[in-house]
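Participant: just coords:
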């Protein structure tokens with residue numbers, strides 16, 4: 001699956017996007033984040049406060065418990081404010 005990173009998540013990970021094959025048992029966004037954090041310091045920093053990083057599966061906002069089976073793209077980004 002394709003992972004896409006935005007704003008400071010991208011800066012900390014050091015990549016704009018990447019293709020990954022998560023290990024067996026990675027069923028949800030939360031599982032994916034836990035696995036990503038094992039991939040190095042940049043990922044650990046990006047996801048150190050998992051509660052504030054947002055995710056979208058195929059351009060639809062998703063909660064940590066959302067299943068990732070069949071996802072083509074998962075995007076991670078910081079909370080947004082607007083006006």
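Facilitator: In hand now; what should we look at? All of these numbers come straight from a predicted model, not from anything done at the bench. Residues are numbered from 1 along each chain as shown.

Participant: for residue 72, what are its contacts?
Facilitator: 1, 2, 58 (Cβ atoms under 8 Å, 6 or more residues apart in numbering). To be clear about C-beta, it is placed using only N, CA and C from the backbone, and glycine gets the same treatment.

Participant: need the next SSE after the helix ranked longest in the chain, C-terminal direction.
Facilitator: When the chain is scanned for its longest helix (criterion: DSSP state H), the result is helix 29-37. Later in the chain than helix 29-37, the nearest helix or strand by DSSP states H and E is helix 41-46.

Participant: where does this structure have low pLDDT?
Facilitator: Applying pLDDT under 70 to the chain picks out residues 81-83.

Participant: tally of neighbours for the residue lying closest to residue 71 once chain neighbours are set aside?
Facilitator: Using Cβ to Cβ, 6 or more residues apart in numbering and skipping residues adjacent in sequence, the residue nearest residue 71 is residue 57, 4.8 Å away. Around residue 57 there are 19 other residues, counting by other Cβ atoms under 10 Å.

Participant: and residue 56, backbone torsions?
Facilitator: phi -140, psi 140 (degrees, to the nearest 10).

Participant: go on, residue 4?
Facilitator: Dihedral angles for residue 4 - degrees, to the nearest 10 - are phi -130, psi 140.

Participant: show me what contacts it?
Facilitator: Per Cβ under 8 Å, 6+ apart, neighbours of residue 4: 16, 17, 73, 74, 75, 76.
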